[in-house]
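Participant: Next comes the sequence, and after it the predicted model I'd like to discuss.
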Amino acid sequence: MSANTIKAIDAWGQPIIPEFANLVPELQPLLKKSRTSQIVGKTMSPAETVELMNQAGIDSVMLSAWHRPGQWVISNDRVAEFVHQYPGRFHGVAAVNLEKPLEALRELNRASTNSGLRPYGCDHGCGTGLRMTSSIFRST
């Protein structure tokens, strides 16, 4: 790496899955404007993703799992697949279903212990009306 090279880190990404367009239809206009709509309906392997990262000069990506009300968009296990295949290039961030707080705690523990993902701090409650500081998230 030369003295003029800047390391680039993408701070939030998700693995490309074919179901994405159906699970998050409201993002279609954004994908069209960003000229990335050609990826909709496709799957991109960790190796293909790393190749695109190399072409773009991105050293690493923080991949985030994603649960929205009522459904998983990107599971913690899918993110863990990328992280395990390319440690150092992908850094995984776990997500949970905040509609079910006790299940969320178990999943966060499982994902961070077994899958090596980092927990994501969602202090504002991510639209649930709950704050992570709420007593519902504390173990008894």
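Facilitator: The structure has been received and is ready for your questions.

Participant: buried ones in the lengthiest helix in the chain?
Facilitator: Secondary structure assigned by DSSP state H gives helix 101-114 as the longest helix of the chain. Within helix 101-114, the residues scored as buried using 16 or more other CB atoms under 10 Å are 101, 104, 107-108, 111-112. (C-beta placed from N, C-alpha, C; glycine too.)

Participant: just checking, what packs against that helix?
Facilitator: For helix 101-114, the helices and strands in contact under the criterion 3 or more CB pairs under 8 Å, 6 or more residues apart in numbering; DSSP states H and E are helix 76-85.

Participant: Next, the angle from the helix it packs on to helix 101-114.
Facilitator: For helix 76-85 against helix 101-114, the angle between stretch directions is 10 degrees (axes from the mean of the first three to the mean of the last three CA atoms, to 10 degrees).

Participant: what helices or strands is helix 76-85 leaning on?
Facilitator: The criterion is 3+ CB pairs under 8 Å, 6+ apart, and the helices and strands that helix 76-85 contacts are helix 46-56, strand 60-64, strand 90-93, helix 101-114.

Participant: Turn these into TSV, columns for distance to Gln71 and mean pLDDT.
Facilitator: Formatted as TSV, these follow (distance: least, CB to CB, whole Å; pLDDT from 0 to 100):
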stretch	distance to Gln71	mean pLDDT
helix 46-56	23	91
strand 60-64	16	90
strand 90-93	18	90
helix 101-114	14	88
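
Participant: closest one to Ser75 among the ones you listed?
Facilitator: helix 101-114 (9.2 Å; CB to CB).
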